[in-house]
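Undergrad: For reference, the sequence and a predicted model appear below.
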Amino acid sequence: MKPSGPKLSIVAQSLDRAAFVAYFLGAVVPLAALAVVASVWVLPSLGDGLESTELIALVLSIGVLSAAAFLLLRRVTRRTLDEMSAHNARLEALLDASSRLAGESHVGDVESGTVLAAQRIAGAAGAFFLETSAGSEPKLAAAAGDRALLGAAEQRAGDPFAQALREERPLLWNHEAGPGAVFPVHGVGALVLAMQPKRRIGASDARALSMLAAQASVSVRRVQLLEAQRNFFVHVTDILVAALDTHMDLQAGHARRVAQLSNRIGRELGLDEARRQRLHFAALLHDVGMLRIDPVRLSDKRVARQHPQIGHRMLAPIQLWADVAPLVLHHHEWWDGSGYPEQLAGDAIPLESRIIGVAEAFDSMTSRSSYKEPVPHDEAVSRVEDGSGTQFDPDVVRVFLELARRGDVDLA
């Protein structure tokens, strides 16, 4: 059984206690003083018993009226506290939803978060997010509660339900079988609530839900923009990698193989999703600077060694690639500080760059290139192991060797 919330009492709630103190000092004390004065000085002077009875009745009547006034004050106090508590709960739910929705990166997560927040704000039996698009029926995208309630809500609302979606204005109905509401989410869809038969949506609930729907609209549009940027990012990266394969004909597929092995190493090292994504794109683009070097000069080591800096200059000004650029810049640094272009050593080299360094070295040794013959798989693994602590990060090498032992470094 779910525990009930704290109950109001004259000893537990400060406002209730203050009301009682005010009543006691303003009514009980004067009434008691009146009773004492009457019993000591007034009643003995009254000879007629009827007059004494009338005075006592008057004092008691004042006492009853005073007590009734206190009970009324206490009831108003309780109601005020209840309303304040409900307002605070709605505000807390809105702030929590706003924080969560602002941090989501997928439309589905925004929609799910919205229905859960709506159910919490309104105490609804069911909350639903409908996606709408021109020329098609609304589609259920997220639900909290029994999905059968959605059909019942649509049936109870009738034509105004579709009208609310079409005109993008809130609609509330109070059908006896169960009240409900629809709050349009501008440009995206609608938030629908189905309530218990005796649980109506008040004006404060409606305002809070309208604010939630507006926040959901902003969040969905923000995520859609991010997804469009990600798609653009992926497609442009693919174009660059394809151009790089053409530019470096004998090393075609090198970037994708390095990215594949780097991803496996990063996962084994426990990198989170955001870092693995940066690692993936940095690995794909690690040689992008080669595009600015004339193919006939690629055999000149002094010229070829400029490609990390060239790649960094190409990527750094572009916001989508800004966090990838440093990883590209340092993928030829050595653990002992004898690499290039800045002779960084140890942990000063970004971990993602250290991972790419191992993956690139292995693929360069095992694949055909314009300047050397490939070496056997086992020999390439042995050379990577020999470079631990000098060229390569020992922890990255350790993970690489474990992957090699499992047969997970053979790339297509």
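TA: Noted; the coordinates are in hand. Since we're looking at a predicted model, the values are computed, not measured.

Undergrad: a helix runs through Val358, doesn't it?
TA: Yes: when DSSP: H, G, I helix; E, B strand; the rest coil is applied, Val358 is found to be in a helix.

Undergrad: That one contacts Glu385, correct?
TA: No: the criterion here is Cβ atoms under 8 Å, and Val358 misses it with Glu385 at 10.5 Å. Where you see a C-beta, it was placed from the backbone N, CA and C, and this is true even at glycine.

Undergrad: Who has more neighbours out of those two?
TA: Using other Cβ atoms under 10 Å, the more surrounded residue of Val358 and Glu385 is Val358, with 25 against 14.

Undergrad: show me the contacts for that one.
TA: Val358 is in contact with 265, 384, 392-393, 396-397, 400, counting by Cβ atoms under 8 Å, 6 or more residues apart in numbering.

Undergrad: Can I get those in TSV including pLDDT and distance to Ala142?
TA: Converted to TSV, those look like this (pLDDT from 0 to 100; distance: Cβ to Cβ, whole Å):
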residue	pLDDT	distance to Ala142
Ile265	96	37
Val384	96	48
Phe392	97	47
Asp393	97	44
Val396	97	41
Val397	97	46
Phe400	96	42
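
Undergrad: Drop anything exposed from those.
TA: Among these, those scoring as buried are 265, 384, 392-393, 396-397, 400 (criterion: 16 or more other Cβ atoms under 10 Å).

Undergrad: With secondary structure as extra columns, can I get those residues in a markdown table?
TA: Shown next, in a markdown table, are the buried ones among the contacts of Val358 (three-state DSSP):
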| residue | secondary structure |
| --- | --- |
| Ile265 | helix |
| Val384 | helix |
| Phe392 | strand |
| Asp393 | coil |
| Val396 | helix |
| Val397 | helix |
| Phe400 | helix |
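
Undergrad: Per the annotation, how does the protein divide into domains?
TA: As given by automatic domain parsing, the domain ranges for the chain are 14-87, 104-219, 248-406.

Undergrad: Between the two ends of the second one, how far is it?
TA: So the one you mean is domain 104-219. Chord length of domain 104-219, first to last residue, is 8 Å (Cα to Cα, to the nearest Å).

Undergrad: Check the last one too.
TA: Distance across domain 248-406, first residue to last, is 31 Å (Cα to Cα).

Undergrad: List the contacts of His330.
TA: His330 sits next to 308, 342, 344, 349-350, 353 when contact means Cβ under 8 Å, 6+ apart.

Undergrad: now Leu329
TA: By Cβ under 8 Å, 6+ apart, the contact set of Leu329 is 308-309, 311-312, 341-342, 353.

Undergrad: Distance of Val241 relative to Ile310?
TA: Using Cβ to Cβ, to the nearest Å, Val241 is found at 16 Å from Ile310.

Undergrad: Which one's more surrounded, those two?
TA: More neighbours surround Val241 than the other of Val241 and Ile310, with 21 against 18 (other Cβ under 10 Å).
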